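S.K.: Next one to model:
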Amino acid sequence: MKHIFLFVSFIMCASGAAQSNFNDIFAAGVADAERFTNAYMAPLSEGMVYSISNGWYNSGEAKPLGGFEISIIGNMASFKNKEDKKTFVLNTADYDNLKFVDGSVSKIVSSGLGDLEGIRVFVEGEIAPGVTSREEFELPTGLASENINFVPSAFLQVSVGLIKGTEIKARFLPKINTDDVAVGFYGVGLQHEFTSLLPAEKIWPVAISGVIGYTHLTGTYNFTDTDLIAGDNQEIDAKINSWNFQAVVSTKLPIINFYGGLGYISGNSKTDVLGTYIVQQGPFQQTIEDPFTLTKKVSGATANIGTKLKLGFFRLHADYTIAQFNSLSVGVNFGFR
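M.R.: Residues are numbered from 1 along each chain as shown. Down below sits the predicted model:
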């Protein structure tokens, strides 16, 4: 089991989900490996889009010219009760070479978020006239097998007031490198308070804003470690983009405020499976270079509600988002209104 750093994102989660036997799937050939990996990784990609998309606002009020806020924000997109995201049906009729050891034609198996263990498959074929070769291996399990039921992200975010009613935002996670993992991301956003344009806006009890945010994540995970599949530089190289469009309303009280929003998230991921894969055993022995690229598009409506506590220069906020992946976002903020 590779290290899982809860404050980073997709690639760190992938390092926990894809156990050391993950690349054994190449023993079934490139086409089968691509089909399986696409189904296995898709829920993880989707969860990451929702995780990095949240946390853009904690109020409907935009900061005045020169006002600023520096925030440390953590998001957790939960999949604890989403069995449809933790598993998928593997039907061997859709695969060229992959078969279940127990003779099943189709079976529910673990995705990168799941916890189903001990599911064994095999590939078999003729390597010479009258000579058959068979190789068995176990399918990888996912994050839930390590009692992790959320996809995390965390970052530093800075918000600065510009012209009346308009606030610009930037978020980033400096690139983190370990022996196996490198990950980082950045984003930019804009918030405009519509109520700031109304007459006598200071006496209005609520603030209403529109928020747009874009986030980009890049990361790699090196998983060159197995006996069945030799090679080098075996890694996942992922790029994830997300857009968040929100309508926000909040109270305008001195200390404790409440806010909520309705919106839409749209995102996509591109995952390159790179490196050299030398299939050493079984009927389909071959050398594979940079085998395939996976893509995933994600979109859906969101709704959230939260609260913010202001104690002078210091603030705290927390909110909960209902979406395809429900998310909790918490933040520690320092700033001048």
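S.K.: the strands in the stretch 101-250 of the chain, which residues?
M.R.: 106-110, 120-128, 131-138, 150-161, 166-177, 181-193, 206-222, 229-251 (DSSP state E, counting those that start in this stretch).
S.K.: among the ones you listed, which is nearest Glu34?
M.R.: Among the strands of the stretch 101-250 of the chain, the nearest to Glu34 by C-beta to C-beta is strand 229-251 (13.1 Å). C-beta here means a position set from N, CA and C on the backbone, and glycine is covered the same way.
S.K.: got the contact list for the nearest residue to Ala27 once chain neighbours are set aside?
M.R.: Using C-beta to C-beta, 6 or more residues apart in numbering and skipping the chain neighbours, the partner closest in space to Ala27 is Gly282 (4.7 Å). Counting by C-beta atoms under 8 Å, 6 or more residues apart in numbering, Gly282 makes contact with 27, 123, 125, 133-135, 228.
S.K.: I'd like these written out as CSV, with pLDDT and distance to Val273 added.
M.R.: Output for the contacts of Gly282, formatted as CSV (pLDDT from 0 to 100; distance: C-beta to C-beta, whole Å):
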residue, pLDDT, distance to Val273
Ala27, 91, 15
Val123, 95, 19
Gly125, 89, 23
Ser133, 90, 25
Arg134, 92, 25
Glu135, 91, 20
Leu228, 70, 16
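S.K.: Which strands or helices does the host helix or strand of Gly275 pack on?
M.R.: Per DSSP states H and E, Gly275 falls inside strand 256-279. Counting contacts by 3 or more C-beta pairs under 8 Å, 6 or more residues apart in numbering; DSSP states H and E, strand 256-279 packs against helix 30-53, strand 229-251, strand 287-289, strand 292-311.
S.K.: Single out the most deeply packed of these.
M.R.: helix 30-53 (a mean of 24; mean count of other C-beta atoms under 10 Å).
S.K.: can you list the residues that contact the next helix or strand after that helix?
M.R.: Using DSSP H and E, the helix or strand that directly follows helix 30-53 along the chain is strand 68-78. For strand 68-78, the external contacting residues (C-beta under 8 Å, 6+ apart) are 7, 47-48, 50-52, 54-55, 58, 63, 149-161, 171, 315, 325-336.
S.K.: how about strand 68-78 as PDB, C-alpha atoms only?
M.R.: Extracted in PDB, the C-alpha atoms of strand 68-78 (Å, rounded to 0.1, in the frame of the first residue of the first chain):
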ATOM      1  CA  PHE A  68      -8.500  40.800   1.300                       C
ATOM      2  CA  GLU A  69      -8.800  37.300   2.800                       C
ATOM      3  CA  ILE A  70      -6.200  34.500   3.000                       C
ATOM      4  CA  SER A  71      -7.700  31.100   3.500                       C
ATOM      5  CA  ILE A  72      -6.500  27.500   4.100                       C
ATOM      6  CA  ILE A  73      -9.300  25.300   2.800                       C
ATOM      7  CA  GLY A  74      -9.900  21.600   2.900                       C
ATOM      8  CA  ASN A  75     -12.500  19.700   0.900                       C
ATOM      9  CA  MET A  76     -13.800  16.100   1.300                       C
ATOM     10  CA  ALA A  77     -16.000  14.600  -1.400                       C
ATOM     11  CA  SER A  78     -17.700  11.600   0.300                       C
END
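S.K.: any idea of the mean pLDDT in that strand?
M.R.: Mean pLDDT, computed over strand 68-78, is 93.
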